[in-house]
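> return a 3D structure for these sequence lines:
(4 chains)
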2 protein chains.
Amino acid sequence: MSLSRISRKLDLSITTVSRALGGHSDVSSATRARVEAEALRIDYRPHEGARRLRRGRADAVGLILPTGIGRFDDPFFLRLLSAVGPALAEAGLDLLVSSAPPGDAELAAYRHMVEGRKVDAFLLARMRVRDARVDYLQNAAVPFVAHGRSSSKRPYAFVDTDGTQVVAQATSRLIGFGHRSIAFLAASGDLSFSIARESGWRQALTEAGLIATAIFQAEPTEAGGFDAMHALLCSVAPGDLQVSAVVCATDRMAVGVLHALAETGLRAGRDISVIGFDDHAFSTHTAPPLTTIAQPIEAAGRRMVAMLTQILAGADPETLFEIMSAQLIARASDGPAAEQSRIETTKGQTL
Amino acid sequence: MSLSRISRKLDLSITTVSRALGGHSDVSSATRARVEAEALRIDYRPHEGARRLRRGRADAVGLILPTGIGRFDDPFFLRLLSAVGPALAEAGLDLLVSSAPPGDAELAAYRHMVEGRKVDAFLLARMRVRDARVDYLQNAAVPFVAHGRSSSKRPYAFVDTDGTQVVAQATSRLIGFGHRSIAFLAASGDLSFSIARESGWRQALTEAGLIATAIFQAEPTEAGGFDAMHALLCSVAPGDLQVSAVVCATDRMAVGVLHALAETGLRAGRDISVIGFDDHAFSTHTAPPLTTIAQPIEAAGRRMVAMLTQILAGADPETLFEIMSAQLIARASDGPAAEQSRIETTKGQTL
DNA sequence: TTTGAAATCCGAAACCTTTCGGATGGACTG
DNA sequence: CAGTCCATCCGAAAGGTTTCGGATTTCAAA
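The predicted structure follows:
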């Protein structure tokens, strides 16, 4: 009831109105102007449903938030969402959001959107090394762009942060501070970002001739970090701790580690160094302020949308990727190794 | 190409297939069974676009994230989103998300969804006392459910936390600890939640015969809290501070306050008490762990969806509302007032 | 046997847009 | 003047679903 309304008013065919508004060349500029004026006057908006029906696409993309075990509130996703929103809007794409815990329910959520033809493509985040979502989407021939990589037969479009390189740099910084036994606190599960960061840690250690055995893992939350560090501290007599520095897979874990340290009376940045990853807003304000790594989430989001529009326009997903570099933000949670731990490390690196 | 596919295969009319699947009564149970079996076999899903075109509704609801000044990553929204997602899915509703900074761009985002008939209704969060979104939506006769109240002529459906009551309780707790000069750190702007919480603080103070003048405000972020507390601490000579406790409008602000305190060598929970609001994941792990207030965000999200479906089914929005109670979580950032400040307060309450 | 109602089914229209394949008229070419 | 070509317009179909207003059959009641 709308293209037709303009067409009646202006005594033109529906076709002509449609083509005028659609910017086609076979309509005179005079007619086009008349149509545009009338469209503006009655504030015409094409009916999305009709358009989708006719064009056979949804002009929408899906994003399914991975609900975590327990409470789910990682600032990462919000930053991604808020970057992706305007970019998508500018491209004329809607964003359909849902949430599901990884596993069958998650796949079902993807299937729901695909089979209902609700979206043309997906944005994926928080990739896992063996990622069922990738298999499913590639199989169903649904385009997507991921934030992070995973091991799949066929390559796909992605944006990723070079976690390996920058964590290696952070670890080297600790080595430069005199630390000899540096632990890595990995995120549990097979989260790609954690594995990339871990290998940066390992790399720096190996290069410096140190052994990379002090690795433990926990849920990528504050509680996970706290529990892991707490367990570590309880496992040895006070003053007998081997580890003098901890590189954490995420800021949230680092916050938990800081807490466990404070609880035991250990001073982060002096007795033990801690480095996080993400540079979330709260990390400036921990006690002490957290040395961490800033990754360009907003830029990544915008880049993902750009890739998506290219793919939707026919580009080959296999050729589209970008690895962005992250930046070490030195604050106060790390520093020179205390004499004591420098000596103790000679006894061994394992825990 | 799909109802028709079933109809051809089964030698029925499209009408009958549609009505069989739609649960209408004028189709024999034998036929219905055949249709259902075939639909299952070919994994039939109605085409959303076609359905929307015909039915004239979108079966989708919109949620526009208010991008803040600077970086935007309040865990509140993520918790709300993850609660709302599954509830909406169960009701057969899609969730369309966008983001925009409050102001003209925000209204434009709402208009975009409304006028493109992309959604049937909205979910609103982070209400402001004078909220242009409410005016616009009521005017355009688009249903919505809000989290939080605002001052509008016509009432609307909302779920809210009773911030006033619980903050009064928290403030009384501080008074019970012997604090006599208790400040409130409000969120800037005219955010409803902050105003409700402020009035709880004021109420408790007044009831105890204390003067409620120590109020200052800042952006509802860690940086905002830090700057405000920092400025306060710098404005007086050390040891001359009037305020012995601070009630913060949000946990994020409280984190900043904690940081400012630590920087000056003041011990939160001993020299100065701090209470937050939200009980976000990181609040368990601040130094010291933050005494705060837990509000039921997930339950609120589910309740909002329930209300929305009622409204979409014809219920009167003006009769739908629920005020949920929040809970004080006592941790270590507050405690008995130090002798010193108890004496000093006699000098005056203002800052 | 006729009538009427109930149980089942179906044709066609409508929702709004896009696009294929022309149609029309005028200007230009040869 | 016949033939071409171009600029501009339009009719009709298609896309998948729902629903209005019957049509047909069956069966019991009169």
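
> so what's the residue of the stretch 101-250 of chain A found nearest DNA strand D scoring on pLDDT?
Sorted by distance to DNA strand D under CB to the nearest atom of the strand, the residues of the stretch 101-250 of chain A start with residue A:117, at 8.8 Å. From N, CA and C alone the C-beta is placed, and that goes for glycine too. Per-residue confidence at residue A:117 stands at 87 (pLDDT).

> mind checking the SS state of it?
Three-state secondary structure (criterion: DSSP: H, G, I helix; E, B strand; the rest coil) places residue A:117 in coil.

> pull stretch A:190-199 out as CSV, backbone CA atoms only.
Provided in CSV are the C-alpha atoms of stretch A:190-199 (Å, rounded to 0.1, in the frame of the first residue of the first chain):
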residue,chain,number,x,y,z
ASP,A,190,39.8,-24.6,23.7
LEU,A,191,39.4,-20.9,23.2
SER,A,192,41.6,-19.8,20.3
PHE,A,193,42.6,-16.5,21.8
SER,A,194,44.0,-18.2,24.9
ILE,A,195,46.0,-20.6,22.9
ALA,A,196,47.5,-17.9,20.7
ARG,A,197,48.5,-15.9,23.8
GLU,A,198,49.9,-19.0,25.4
SER,A,199,52.2,-19.6,22.5
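
> for that stretch, which outside residues touch it?
Contact partners of stretch A:190-199, identified using CB atoms under 8 Å, 6 or more residues apart in numbering or on different chains, comprise A:126-130, A:148-150, A:160-164, A:167, A:184, A:186-187, A:215, A:217, A:220, A:247, A:249-250, A:277.

> of the residues you listed, buried ones?
Applying a neighbour-count criterion of 16 or more other CB atoms under 10 Å in any protein chain shown, the buried members of the contacts of stretch A:190-199 are A:126-129, A:148-150, A:160-164, A:167, A:184, A:186-187, A:217, A:220, A:247, A:249-250, A:277.

> return the subset of the residues you listed lying in strands.
Using DSSP state E to define strands, the subset of the buried ones among the contacts of stretch A:190-199 located there is A:160, A:161, A:184, A:186, A:187, A:217, A:247.

> tell me the one of those residues nearest DNA strand C?
Of all these, the one sitting nearest DNA strand C is residue A:160; the distance, using CB to the nearest atom of the strand, is 35.2 Å.

> what ranges do the strands span in the stretch 1-150 of chain A?
For the stretch 1-150 of chain A, the strands defined by DSSP state E, counting those that start in this stretch cover A:60-66, A:94-100, A:121-124, A:144-147.

> same list, those strands, but as JSON lines with mean neighbour count please.
Output for the strands of the stretch 1-150 of chain A, formatted as JSON lines (neighbours: other CB atoms under 10 Å in any protein chain shown):
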{"stretch": "strand A:60-66", "mean neighbour count": "24"}
{"stretch": "strand A:94-100", "mean neighbour count": "23"}
{"stretch": "strand A:121-124", "mean neighbour count": "23"}
{"stretch": "strand A:144-147", "mean neighbour count": "25"}
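
> mind picking the two most distant members of the ones in strands among the buried ones among the contacts of stretch A:190-199?
Distance extremes for these: the farthest pair is A:160 and A:217 at 20.9 Å, using CB to CB.

> the stretch 51-200 of chain A against DNA strand D: which residues are in contact?
Within the stretch 51-200 of chain A, the residues that sit near DNA strand D (CB under 7 Å from any atom of the strand) are A:53, A:54, A:56.

> recalculate using a threshold of 6 Å.
Counting by CB under 6 Å from any atom of the strand, the residues of the stretch 51-200 of chain A lying close to DNA strand D are A:53, A:54.

> quick check: the residue of the stretch 51-200 of chain A nearest DNA strand C.
Among the residues of the stretch 51-200 of chain A, residue A:54 lies closest to DNA strand C, at 3.6 Å counting by CB to the nearest atom of the strand.

> and the stretch 251-351 of chain A, by the same measure?
residue A:313 (14.0 Å).

> that residue: neighbouring residues, count only.
The criterion is other CB atoms under 10 Å in any protein chain shown. On that basis, residue A:313 has 7 neighbouring residues.

> repeat for residue A:172
Number of residues near residue A:172 (other CB under 10 Å) recorded here: 17.

> okay, and the closest residue to it other than its chain neighbours sits in which element?
Excluding its sequence neighbours, the residue lying closest to residue A:172 (CB to CB, 6 or more residues apart in numbering or on different chains) is residue A:204, at 4.8 Å. Counting by DSSP states H and E, the element that carries residue A:204 is helix A:192-207.

> what of residue A:273?
Using DSSP H and E, residue A:273 sits in strand A:273-275.

> packing partners of that strand?
Here strand A:273-275 touches helix A:163-176, strand A:245-248, helix A:251-264, going by 3 or more CB pairs under 8 Å, 6 or more residues apart in numbering or on different chains; DSSP states H and E.

> rerun at 7 Å
On a contact count with 3 or more CB pairs under 7 Å, 6 or more residues apart in numbering or on different chains; DSSP states H and E, strand A:273-275 meets strand A:245-248, helix A:251-264.

> how about TSV for those, with distance to chain B and mean pLDDT added?
As requested, the helices and strands packed on strand A:273-275 are arranged in TSV below (distance: least, CB to the nearest CB, whole Å; pLDDT from 0 to 100):
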stretch	distance to chain B	mean pLDDT
strand A:245-248	13	98
helix A:251-264	4	97
